[in-house]
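Participant: Return atomic coordinates for the entry below.
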Amino acid sequence: MSQPYTYEYFTVTFPAEHQYVAHVEINRPAKLNAFIEAMWHELSNLINRLSTDPSIRAIVLSGAGPKAFTAGLDVHAASQGTLSPSDNTEEPLDPARKATQLRRHILEFQHCISTLEKCEKPVIVAMHGFSLGLAIDLSVAADVRVCAADVRFAVKEVDIGLAADIGTLSRLPKVVGSFGWVKEVSLSGREFGAEEALRVGFVSRVFKDKEEAVKGALGLAALIAGKSPVAVQGTKELLNWSRDRSVEDGLRYTAVWNSAALQTRDVEAALLSGIQKRKPTFEKL
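Facilitator: The predicted structure follows:
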């Protein structure tokens, strides 16, 4: 790597056995990996760097420690002022001005979490233990979700007097097959586990424990990283584009995208490797 990936709240490793894969761990285990404001800014910076790093083709996101992927937003830290921009002023803000500040703050938070979705590289999330609130926001902004059998999910915001506002209510209905189920868990804040998450399609695989979940996620990332990066980047872009648009719009954008992408030498390399029964290699992107 040309520059070290050194962060206060995240550790980044590059497994020697999995070429082109980055493993990012949320690293605040003493606080159940709960997020403070500095963490979402760090995450955004980190994912943006990995997005354009030609040495990386797939990313795995997990949580350090045995207890939690992340317990969500650090409510205690947030209560000290980040939820209310007028708390530290002598005079209360005019309601319209306070709303403007809050809206800017929320949009900034949303933008940081959306970097997972906008990342050029596929992001696989491996969850275990407490995976609450912001954990759902993070995971639905990612591309693939796997979990350990001990996972405890919840759209928790309703229990702290909020409507989830960082992505869950917009993305979760597009991830799972039942809008009624999404409303149930979002309105009630109830916990659900690995088996239920698999049944509704929230996760694609369940592993016996955290170690196996991370191992499985890294294996999947390595499989993806072995494909043409031109093809993988295009596939993610086109799937995300088409998800929110009509079939006709999706087909038209695909035609425009592939009119450039199909000129890559990767197509020839992939076809020849199949004929010659060997593993293809692809240039960095």
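Participant: how about low-confidence regions in the chain?
Facilitator: Scanning the chain for pLDDT under 70 picks out the ranges 1-3, 79-90.
Participant: cutoff 80 now
Facilitator: For the chain, applying pLDDT under 80 flags the ranges 1-3, 77-92, 272-277.
Participant: tally of neighbours for residue 126?
Facilitator: Using other Cβ atoms under 10 Å, the number of residues around residue 126 comes to 32. Every residue, glycine included, has its C-beta placed from N, CA and C.
Participant: right, and the secondary structure at it would be what?
Facilitator: State at residue 126, reduced to three classes by DSSP: H, G, I helix; E, B strand; the rest coil: strand.
Participant: Spatially, what comes nearest to it if we skip its sequence neighbours?
Facilitator: residue 217 (3.9 Å; Cβ to Cβ, 6 or more residues apart in numbering).
Participant: could you pull out the helices for the stretch 101-250 of the chain?
Facilitator: 134-141, 168-175, 179-188, 194-200, 210-225, 229-243, 247-261 (DSSP state H, counting those that start in this stretch).
Participant: Out of these, flag the one nearest residue 45.
Facilitator: Nearest of the helices of the stretch 101-250 of the chain to residue 45, taken as Cβ to Cβ: helix 134-141 at 15.4 Å.
Participant: What is that closest one packed up against?
Facilitator: Secondary-structure packing of helix 134-141 (3 or more Cβ pairs under 8 Å, 6 or more residues apart in numbering; DSSP states H and E): strand 68-70, helix 95-118, strand 123-127, strand 152-154, helix 168-175.
Participant: Helix 95-118 and that one, what's the angle between them?
Facilitator: 50 degrees (axes from the mean of the first three to the mean of the last three Cα atoms, to 10 degrees).
Participant: pull the CA atoms of helix 134-141 into CSV?
Facilitator: Only the C-alpha atoms of helix 134-141 are listed here, as CSV (Å, rounded to 0.1, in the frame of the first residue of the first chain):
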residue,chain,number,x,y,z
LEU,A,134,-26.7,1.8,13.2
ALA,A,135,-25.6,-1.7,12.5
ILE,A,136,-28.7,-2.1,10.3
ASP,A,137,-27.9,1.2,8.6
LEU,A,138,-24.4,0.1,7.8
SER,A,139,-25.3,-3.4,6.7
VAL,A,140,-28.1,-2.3,4.2
ALA,A,141,-25.7,0.3,2.7
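Participant: so how far is that helix off the chain centroid?
Facilitator: Taking Cα atoms, centre = their mean, to the nearest Å, one finds helix 134-141 lying 6 Å from the centre of the chain it belongs to.
Participant: just stretch 92-108 next, same as before
Facilitator: In terms of Cα atoms, centre = their mean, the centre of stretch 92-108 is found 27 Å from the chain centre.
Participant: heads up, I number from 544, so please use that
Facilitator: In the new numbering, first residue 544, that becomes stretch 635-651.
Participant: Give me the buried positions along that stretch.
Facilitator: 636, 645 (16 or more other Cβ atoms under 10 Å).
Participant: same question, stretch 648-665
Facilitator: Using 16+ other Cβ under 10 Å as the test for burial, stretch 648-665 gives 652-653, 655-660, 662-665.
Participant: Cool, thanks, signing off.
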